[in-house]
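*Asks:* Take a look and give me a structure for this.
(one chain, ligands or ions: 1)
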Amino acid sequence: MPNTPEQRTHLILENYIGGKFVSCPSHIDSYDPSTGEVYCKVPDSGKDEVDAAVSAAKEAFPGWSSRSPEQRAQVLNKLADLMEANLEDFAQAESRDQGKTLTFARTVDIPRAVYNFRFFASSVVHHTTDCSQMDHMGCVNYTIRCPVGVAGLISPWNLPLYLLTWKIAPAVAAGNTVVAKPSEMTSVTAWMMCKLMHEAGVPPGVINIVFGTGPRAGDALVGHPDVPLVSFTGSTATAQRITERSAPYCKKLSLELGGKNPAVVFADADLEQCIATTVRSSFSNQGEICLCTSRIYVERSIYPEFLERFVAAARKWKTGSPSDPGNNNGALISKEHLEKVRSFVKLARSEGGTVHCGEGIDRLDLPERNASGYFMAATVISGIPDSSRVMQEEIFGPVTCIRPFDTEDEAVSRANSVRYGLAATVWSRDVGKVHRVAKRLQAGLVWTNCWLVRDLNLPFGGMKSSGVGREGGKDSYHFFTEVKTITIKY
Ligand code: NAD
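*Replies:* Numbering: from 1, shown residues only. Below you'll find the model as predicted:
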């Protein structure tokens with residue numbers, strides 16, 4: 001039973017190591033973004049906690065990796081069932097911890113976290129390896145794939161459980177054991193998931209979760225000599241530090257990073273569908289999705305109509321209390337992040353851009369309890385040159401910029417004129433144009449006439465500064481295993 005006033009008012013999380021909850025001597029404050037109040041204390045883990053988790057994972061590896069894929073799949077499916085049975089509790093917690101709407105958590109985050117376990121449980125039993133005959137040499141060659149050992153998994157705050165399970169599920173399905181570190185800003189649903197591990201039959205040490213900051217817990221995990229592979233999703237700046245830190249050990253790295261995603265809208269697009277989807281792709285989850293559209297290039301002949309209709313639709317994108325089902329957006333993750341996003345709008349104004357709606361124009365009508373929350377309305381900007389920081393840097397908030405273009409070549413080259421290469425959308429009814437442009441865009445994912453339609457079998461990831469490697473069905477399996485070529489002379 002909690003006894004101090006602080007324990008009564010705050011949720012206090014513990015690390016999950018070797019199948020047990022383990023308390024940590026110090027904690028970090030975690031805020032409810034919709035009220036601006038501290039409501040949770042997250043372990044401020046460091047080297048000692050990470051060492052204990054890696055030891056537990058190392059000890060569990062021989063047993064877990066020698067189970068058959070079917071046996072591992074059974075455990076993952078059970079964990080998925082338990083999470084699904086508690087979906088509403090997870091959704092409420094995710095919404096409170098991250099600021100996103102309850103509707104989004106209920107329909108996107110948690111169902112996808114459940115599906116991540118089911119998907120990798122099913123796919124792991126279907127992988128095959130290669131075989132090649134060399135009759136003239138009297139040889140046959142074949143490959144086998146083996147789990148690597150203890151995987152270090154680090155995830156961000158925007159889609160907390162969704163992205164954490166996107167790593168845990170393939171890693172353990174392939175036979176590795178893991179030490180995962182969620183973002184210190186959104187740790188609650190990972191902790192809730194730990195409570196289900198025992199009932200799901202996850203053996204102690206197979207899934208360990210250590211909470212804390214990047215510079216302490218994250219750094220200790222990346223730098224641990226017994227962690228041979230690291231899967232990281234987060235910012236490009238952090239990925240650079242992780243790459244440097246892991247270089248002396250030649251670790252296997254998968255890096256899923258930031259984006260500055262363009263939409264290219266041709267004059268023959270179905271404008272109604274395009275505008276509805278591009279409003280969604282620009283502002284969903286407060287614009288805090290790495291795949292969100294942040295630059296919209298529109299063919300000049302339809303530019304005035306597009307701009308007017310897009311701004312009108314953006315104004316209908318409602319922001320407010322995350323628990324109100326009438327709202328499309330809730331609060332941004334933190335005060336600092338809100339200030340950063342706002343600073344880009346200020347910069348756009350100072351560079352002569354036009355802000356059509358949102359920040360500084362539309363007043364938000366917030367309930368009293370949300371008065372100190374980190375809210376910002378959907379904001380549309382035009383008239384900013386491509387060279388501006390507003391058009392070059394990842395904003396990661398509910399802000400999108402619209403610019404006209406004249407030719408297909410120009411649209412492609414301007415869409416490619418940033419350091420990132422994660423996702424893009426193309427809007428046209430001309431099949432030839434869609435194929436040509438999709439091929440030339442520098443992006444790991446190109447959606448034509450749609451957005452965020454995902455088949456988890458196919459590769460996910462970015463090029464340029466948006467990442468290294470791909471994750472998804474076969475790609476995740478390849479990342480979380482080492483391949484070996486065996487030659488037999490007969
Ligand atoms: P971040 O890089 O600040 O943090 C991500 C994670 O890394 C957190 O868990 C953090 O604690 C940890 N971390 C920070 N410093 C570390 C260090 N030195 N060593 C080890 N770990 C460290 O990113 P964020 O602000 O949490 O997330 C937003 C970013 O994530 C955006 O850039 C967004 O585009 C990107 N993102 C990318 C994808 C994708 O799939 N490509 C998906 C979601 C988010």
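*Asks:* Quickly find the element holding the closest residue to R440 other than its chain neighbours.
*Replies:* Distances taken as C-beta to C-beta, 6 or more residues apart in numbering place V412 nearest to R440, at 4.8 Å, with adjacent residues excluded. Quick note: C-beta positions are derived from backbone N, CA and C, even for glycine. Using DSSP states H and E, V412 sits in helix 408-415.
*Asks:* For that helix, list the C-alpha coordinates in CSV.
*Replies:* In CSV, the C-alpha atoms belonging to helix 408-415 read as follows (Å, rounded to 0.1, in the frame of the first residue of the first chain):
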residue,chain,number,x,y,z
GLU,A,408,7.1,16.7,-62.9
ASP,A,409,10.9,17.0,-62.8
GLU,A,410,10.7,20.0,-60.6
ALA,A,411,8.4,18.4,-58.2
VAL,A,412,10.6,15.3,-57.8
SER,A,413,13.8,17.3,-57.4
ARG,A,414,12.2,19.6,-54.8
ALA,A,415,10.7,16.7,-52.9
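*Asks:* for it, packing partners?
*Replies:* On a contact count with 3 or more C-beta pairs under 8 Å, 6 or more residues apart in numbering; DSSP states H and E, helix 408-415 meets strand 261-265, strand 293-299, strand 399-405, helix 431-440.
*Asks:* before we move on, back to that, okay, now the residue nearest to R440: neighbour count?
*Replies:* 22 (other C-beta atoms under 10 Å).
*Asks:* Distance of the residue of the chain most remote from its centre relative to the ligand?
*Replies:* The outermost residue of the chain relative to its centre, with distances by C-alpha atoms, centre = their mean, is H136 at 49.3 Å. Separation of H136 from the ligand (C-beta to the nearest ligand atom, to the nearest Å): 46 Å.
*Asks:* For that residue, list the residues it contacts.
*Replies:* By C-beta atoms under 8 Å, 6 or more residues apart in numbering, the contact set of H136 is empty.
*Asks:* List the buried residues of the helix holding V412.
*Replies:* E408, A411, V412, R414, A415 (16 or more other C-beta atoms under 10 Å).
*Asks:* Quick check: chain neighbours aside, which residue is closest to the residue in the stretch 51-200 of the chain that the ligand sits nearest to?
*Replies:* Nearest to the ligand in the stretch 51-200 of the chain, going by C-beta to the nearest ligand atom, is P156, at a distance of 3.1 Å. Nearest residue to P156, sequence neighbours excluded (C-beta to C-beta, 6+ apart): G234, at 4.5 Å.
*Asks:* how about the residues of the stretch 351-490 of the chain that lie near the ligand?
*Replies:* E394, F396, L422, G462, G467 (C-beta under 6 Å from any ligand atom).
*Asks:* what's around the first one, how many residues?
*Replies:* Pointing back at E394 there. 22.
*Asks:* tell me which element it falls in.
*Replies:* E394 belongs to no helix or strand, assigned by DSSP H and E.
*Asks:* Report pLDDT for the closest residue in space to it that isn't next to it in sequence.
*Replies:* Among residues not flanking E394 along the chain, G258 sits closest, at 4.3 Å (C-beta to C-beta, 6+ apart). The model reports G258 with a pLDDT of 97.
*Asks:* G258 against G421, yeah?
*Replies:* No: using C-beta atoms under 8 Å, G258 makes no contact with G421, being 10.4 Å away.
*Asks:* low pLDDT regions in this structure?
*Replies:* Applying pLDDT under 70 to the chain flags the ranges 1-8.
*Asks:* before we move on, back to that, please identify the deepest-packed of the helices and strands packed on helix 408-415.
*Replies:* Highest mean neighbour count among the helices and strands packed on helix 408-415 (mean count of other C-beta atoms under 10 Å): strand 261-265, with a mean of 28.
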